[in-house]
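Colleague: sharing a model that was predicted from the sequence below.
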Amino acid sequence: LYAFCREADDAIDDFQGDDPTPAVDALYARLKCIYAGHPQPIAADRALTEVVQRYGIPYTLPAALIEGFEWDVDERRYPNMSALYGYAARVAGTVGVMMAMLMGARAPEVLARACDLGVAMQLTNIARDVGEAARAGRIYLPLDLLSAANVDVDAFLSKPAFSPALGEVVAEVLDTADGLYQRAVAGIDQLPAGCRPGIEAARRIYSEIGTVVRANGFDSVSQRAVVLRSRKIALLAQAAASVVR
């Protein structure tokens, strides 16, 4: 599952040219072959064919992931948080749901919380990488929040620079992510015992990225938030202890 998602992401990131349609169509073609039980001669595709058959992963999930990647190459902008949710659910929520299915989860409420966790992680990525995205000509922050903060999107993209107004928008995105991280706990508690420590650790470490962004004054343009190795180790220990309790 990881290999196919990684290769799909790389295929879009490495896209060259004006028309992304062939690259996207090639991914959909690979996926259709996988679900037909006749994968193309690619190691990741052969492996994923076994996975989707064994765990009953519906086609709509990886197809939605590819659709989200397609939105990336289209450089789509998101008018509000609801629209951004739609993007994050495709590129990250789908992965959370597929992972939960590999762990044996089938209950709708557990899969919904897995999607929440994936969306929270993607929102954290967006808040952390504002400057990196802008320098690539992209903006993922909700346009209505930017407008309310009097941030001129085109001016920002032409010359990316941090401002307190931009920081307010980043803060709101992180607050939204925090709510989803908390909501995901109920789903993690219902995963098999052996799976809980790793997923809880991922939840805590990704949430910590937001904590670092806050400590940096919400400036994710001139600096990039990094969770130190020592802090990751501490969060791993906390995750294990919380699952035991």
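Modeller: Arrived safely. Because the structure is a prediction, the values reported are computed rather than measured.

Colleague: which other helices and strands does the lengthiest helix in the chain contact?
Modeller: Secondary structure of the chain read by DSSP state H shows that its longest helix is helix 164-188. If contacts are counted by 3 or more C-beta pairs under 8 Å, 6 or more residues apart in numbering; DSSP states H and E, helix 164-188 sits against helix 108-128, helix 143-148, helix 196-215. C-beta: built from backbone N, CA, C; applies to glycine.

Colleague: buried ones in stretch 59-66, by neighbour count?
Modeller: Neighbour counts using 16 or more other C-beta atoms under 10 Å place Leu61, Pro62, Ala63, Ala64, Leu65, Ile66 of stretch 59-66 among the buried residues.

Colleague: returning to that earlier point: got the buried residues for the longest helix of the chain?
Modeller: When burial is assessed from 16+ other C-beta under 10 Å, helix 164-188 yields the following buried residues: 166-174, 176-178, 180-181, 184, 187-188.

Colleague: from the chain's centre, how far out does it sit?
Modeller: Using C-alpha atoms, centre = their mean, to the nearest Å, we find the averaged C-alpha position of helix 164-188 to lie 13 Å away from the chain's own average C-alpha position.

Colleague: what about it, average pLDDT?
Modeller: For helix 164-188, the mean pLDDT works out to 98.

Colleague: report the angle between that helix and helix 108-128.
Modeller: On the basis of axes from the mean of the first three to the mean of the last three C-alpha atoms, to 10 degrees, helix 164-188 is oriented at 160 degrees to helix 108-128.

Colleague: and the angle for helix 164-188 with helix 196-215?
Modeller: For the pair helix 164-188 and helix 196-215, the angle between their directions (the same axes, to 10 degrees) equals 170 degrees.

Colleague: now Val119. Nearest residue, chain neighbours left out?
Modeller: Using C-beta to C-beta, 6 or more residues apart in numbering and skipping the chain neighbours, the partner closest in space to Val119 is Ala88 (4.3 Å).
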